[in-house]
Each structure stands twice: as structure tokens, then as C-alpha cells.
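A.B. asks: Pasting a predicted model and its sequence here:
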Amino acid sequence: MPRILMTGASGGIGTSLRKLLPPIYPDLLLSDIKPPVDLGANEKFKAADLADLAQCEAICEGVDGIIHFGGYSVEGTWDQILQANIIGGYNLFEAAYRKGVKRVVFASSNHAVGFYPRHHRIGADVTPRPDGRYGVSKVFGEAVGALYADKHGLKVTCLRIGNFGDMPLDQRRLAIWLKPDDLVQLCRIGLEHPDIHFEVFYGASLNERAWWDNHRAYELGYRPTGRAEDFREHAMAEQAKLKPDPVGDYFQGGTFCSMEFDADPSRIIDWKKR
Ligand SMILES: NC(=O)C1=CN([C@@H]2O[C@H](COP(=O)(O)OP(=O)(O)OC[C@H]3O[C@@H](n4cnc5c(N)ncnc54)[C@H](O)[C@@H]3O)[C@@H](O)[C@H]2O)C=CC1
Ligand SMILES: O=C(O)[C@H]1OC(=O)[C@H](O)[C@@H](O)[C@@H]1O
């Protein structure tokens, strides 16, 4: 039975996957910088700060595969991103390598490519266009994953997750929503599929208005069941409550793009011609 380590176990995604993963991976080790508030008696938890290599090595001991959800999950200061995602991301892959872990599934993000316009359908092989320091850290994590796959033979899958949750929250999320069961499918492909070397998938459900070409995930067996359009009315009602955002509404990364945006606004007109 493979031992699977899940980092970020106390966060939003970790809390949801703690319920969905045990029937598939009964030997599940949870980790986070802080313990889950509702840790069950039959759950195994080891605390670790990702910014500390020795602590990362300790949680990788005896582990076969890692699903790496730990880290700073929104835009932050450079130091926050540096510690948790840049140093933390490097430490996680290095510790996995040192301890002989075979596979890593890395939670990347749509914000690695957030500055692509919404009308532009992109594949997993496009040049990164991060929309903040957080997005840059996800590009970095993907690059570290590629290095450990190519140089050391780790089997690495990066998931550019759109927005995880029980339903899409607004118009943008109708294109990028990821249902929890569909994330489980993507993790299983990363942890089990024999053809994985280094892969980048989009973490999105069966969304009619998707901006992403996710054919490689489908080739490897991904069959998402979440249909964003089933929640269209709710998402559009929520959208109607939001203020227009000329930059955020144009680009895939939404408000992450308009945050701290101070480029020449006339460039938006140029973008519209693209
Ligand atoms: N929720 C979403 O829709 C999306 C999430 N992601 C990525 O998926 C992962 C999980 O996301 P969420 O659960 O929403 O985030 P979250 O913020 O709820 O959970 C992240 C967890 O990482 C832990 N953490 C932070 N710094 C740490 C450190 N130095 N050492 C150890 N643990 C640390 C936090 O304590 C927290 O429990 C993140 O990497 C995020 O960037 C990517 C795209 C979308
Ligand atoms: O773009 C989005 O909607 C999501 O992207 C992310 O990478 C973040 O971790 C999440 O908090 C956002 O909600």
C-alpha cells in the first residue's frame, strides 16, 4: 500500500481532500505548519515548516508519493512568497529526492498564466505570464519540478488549478471551476499513471467556457464530472454584485491582474486588439 503525504492539510483544499482520499489511499500522512483543527483520531499528522529543509526531509521519510498543497495560496509580500513557495517549493522537491520519493503532484495555479487574455485559448505549453509574485512562485515550482524529473527521475505532475470548490463563484470561475472529485482524479493520475515523467495539466472541470486546452490530462484518462454551466444562474447572480474591473475582467487571472496594476491604462486598448 503506497504511503502518500499531503502537505497543506489544514487549508481549504486539504480539508476537503482529507475526506475524499482515505478510501483510495488509506496510508495517508498529513502535514502543515499548523495542525488541522478537527484532526481525527485515525488521521496521521506531522507538522513541518516548508521553509525548513530538515523538517521537509522528516515528513518525506518512507513516503511513496506527495500531493503538495502547502504554501502561500494568494498574492502576498515578497517575503511571504519567498519563504513558503520559493524556498518551501525547492525544499519539498529536494527533500523528496533525498528520501527516494517516486512521485510529486504540485499544486500550481492559473496565476502562472494569468496575464493571457480570456479570449485566448491556451495549452499547458505556453510561455508563463504570471500575474503577481504568487504566480511567479508557481512558475518557479513548475520549473523545479521539471528539473527534478529530468535530472533525477522523479515523476512530477503540476496542476494549474483554476478555482476549487463545490460550485463556481462568479463568471470567471464558470471557466476555471474545479470540482473536488475532479481534483482527486487528477491527483490519482499524477500518483499512479505509468506514463508520467513531467506533466502540466489544468485543474479544471468539464467547463463549457474553458480557456484551456487540457487534452493531455484527457489522454491520460481524466474524465471530469463537474459541469460549471449547471451553476450558471448562481454564478451570474454573484457576478452582478461585483464592480466592473477593466483589467481583471479582460485577463484570465481576474483581480490578481488588476491588483497593484499601474501600467499605462492606454495599453488596455492595445490588449483589446490582440
Ligand atoms: N483553492 C484554489 O482554488 C486554488 C489553490 N491553489 C493552490 O493549491 C494549494 C492549496 O490551496 P488552498 O487549500 O486553497 O490554500 P490554503 O491557504 O487554504 O492552504 C494552504 C495551507 O498551506 C499551509 N502553509 C502555508 N505556509 C506553510 C509553510 N511555510 N509550511 C507548511 N505549510 C504552510 C497553510 O497553513 C495552509 O493550511 C496552494 O498551493 C494554492 O496555491 C491553486 C489554484 C487555485
Ligand atoms: O484564481 C482563483 O480563483 C484562485 O486561484 C488561486 O491560485 C488561489 O489559491 C485561490 O485562492 C483563488 O481563488
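C.D. replies: That came through fine. Numbers count the residues shown, from 1 in each chain. Ligands and ions are numbered 1, 2, ... in the order given.
A.B. asks: Nearest residue to the middle of this protein?
C.D. replies: Ala107 (3.0 Å; Cα atoms, centre = their mean).
A.B. asks: just checking, that residue touches Leu159?
C.D. replies: Yes. Counting by Cβ atoms under 8 Å, Ala107 touches Leu159, with 5.9 Å between them. Using the backbone N, CA and C atoms, a C-beta is placed for each residue, glycine as well.
A.B. asks: For these two, list the residues in contact with both.
C.D. replies: In terms of Cβ atoms under 8 Å, 6 or more residues apart in numbering, Ala107 and Leu159 are both contacted by the residues Gly203.
A.B. asks: related to what we said a few turns ago, could you give the secondary structure assignment for the residue nearest to the centre of the chain?
C.D. replies: strand (DSSP: H, G, I helix; E, B strand; the rest coil).
A.B. asks: Check the gap between it and ligand 2 for me.
C.D. replies: 8 Å (Cβ to the nearest ligand atom, to the nearest Å).
A.B. asks: next SSE after the lengthiest helix in the chain?
C.D. replies: Criterion DSSP state H: the longest helix present in the chain is helix 133-152. Using DSSP states H and E, the next helix or strand after helix 133-152 towards the C-terminus is strand 155-161.
A.B. asks: Can you tell me what sits against that next one?
C.D. replies: Contacts of strand 155-161 (Cβ under 8 Å, 6+ apart): 93, 102-110, 112-113, 124, 138, 141-142, 145-146, 148-149, 178, 183, 186-187, 189-190, 196-203, 212.
A.B. asks: which ones are touching the residue in the stretch 1-150 of the chain positioned nearest to ligand 2?
C.D. replies: The stretch 1-150 of the chain approaches ligand 2 most closely through Ser109 (3.5 Å), counting by Cβ to the nearest ligand atom. With contact set as Cβ under 8 Å, 6+ apart, Ser109 has these partners: 134-135, 138, 160-161.
A.B. asks: so which of the residues you listed is the most crowded?
C.D. replies: Among those, Lys138 has the most neighbours (other Cβ atoms under 10 Å), with 28 neighbours.
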